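model this:
(2 chains)
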There are 2 protein chains.
Amino acid sequence: MSEKKSNEIVVGRTKSVEDYVLDIISLFNQGSQEVEIKGNGFEINKVVDIYNQLVDRLKEGVKLEKVDIGSEVKDKRRVSYLLLKLRRVY
Amino acid sequence: MSEKKSNEIVVGRTKSVEDYVLDIISLFNQGSQEVEIKGNGFEINKVVDIYNQLVDRLKEGVKLEKVDIGSEVKDKRRVSYLLLKLRRVY
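You can find the predicted model right below:
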């Protein structure tokens, strides 16, 4: 893990959707009020899957506070990203 | 094309990002004020790419009005979707 803003989760290829859902729930249980999940390129749909599974589990307990869509340069290529800011409301 | 709400574009596998960008610009030029683009599963990141390319072209001329994230049942499987509502402001 590189030094990131503590509650930003960057979604990668190796971990499963389920793993990320559990990570986020753990962060909430440890007292975090907000968690950001971000994915680039092909990981974008994983971000959406994670969000949907999280809502299945926590129902009204999680609120989608902000959605950020854009692109950034990575390894000299421009890639799109999706960033969701989630807030715990339980 | 099936009968859809006139300005909803459902992103599929066959057409390129560029094609969709041109479709949306055409709709705007034909007088549409709002266009929705929607993608399921693996097409979600294509939706984001389309949005980014559109912003590159139209700059301030397009505004992201609403983002809808959820899941729906398709062919008995649950799939995630991303829906972006774009508004023309030029």
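
Point out the residues in chain A that sit beside chain B.
Applying C-beta under 8 Å from any C-beta of the partner chain, we find that chain A lies next to chain B at A:41-45, A:48-49, A:51-52, A:64, A:67, A:69-71, A:80-82, A:84. Backbone N, C-alpha and C define where each C-beta goes, glycine included.

From those residues, which land in strands?
Using DSSP state E, the members of the residues of chain A next to chain B that fall in strands are A:64, A:67, A:69, A:70, A:71, A:80, A:81, A:82, A:84.

Make a ChimeraX selection of the buried ones in the residues you listed.
Filtering those down to the buried ones (16 or more other C-beta atoms under 10 Å in any protein chain shown) takes a single ChimeraX command:
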select /A:67,69,71,80,81,82,84
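
Can you pick out the most distant pair from the ones in strands among the residues of chain A next to chain B?
A:64 and A:71 (21.0 Å; C-beta to C-beta).

what about residue A:8, how many neighbours?
13 (other C-beta atoms under 10 Å in any protein chain shown).

Need the pLDDT of it.
pLDDT recorded at residue A:8 is 93.

Give me the nearest residue to it, chain neighbours excluded.
Nearest residue to residue A:8, sequence neighbours excluded (C-beta to C-beta, 6 or more residues apart in numbering or on different chains): residue A:36, at 4.5 Å.

For the helix or strand containing that neighbour, which strands pair with it and how are they oriented?
Using DSSP states H and E, residue A:36 sits within strand A:34-40. Note on strand A:34-40: by DSSP bridges, its sheet partners are strand A:8-10 (parallel), strand A:77-88 (antiparallel).

by contact count, what packs against whichever helix or strand comes after the first one?
Which is strand A:8-10. Going down the chain from strand A:8-10, the next helix or strand is helix A:17-29, by DSSP H and E. Here helix A:17-29 touches strand A:8-10, strand A:34-40, helix A:44-58, going by 3 or more C-beta pairs under 8 Å, 6 or more residues apart in numbering or on different chains; DSSP states H and E.

For these, state which one has the densest average packing.
Mean neighbour counts were compared across those using mean count of other C-beta atoms under 10 Å in any protein chain shown; the top stretch is helix A:44-58, at a mean of 22.

Distance of the spatially most distant residue from the centre of chain A relative to chain B?
In chain A, counting by C-alpha atoms, centre = their mean, residue A:76 sits farthest out from the average C-alpha position, at 24.0 Å. Applying C-beta to the nearest C-beta, to the nearest Å, the value for residue A:76 to chain B is 17 Å.
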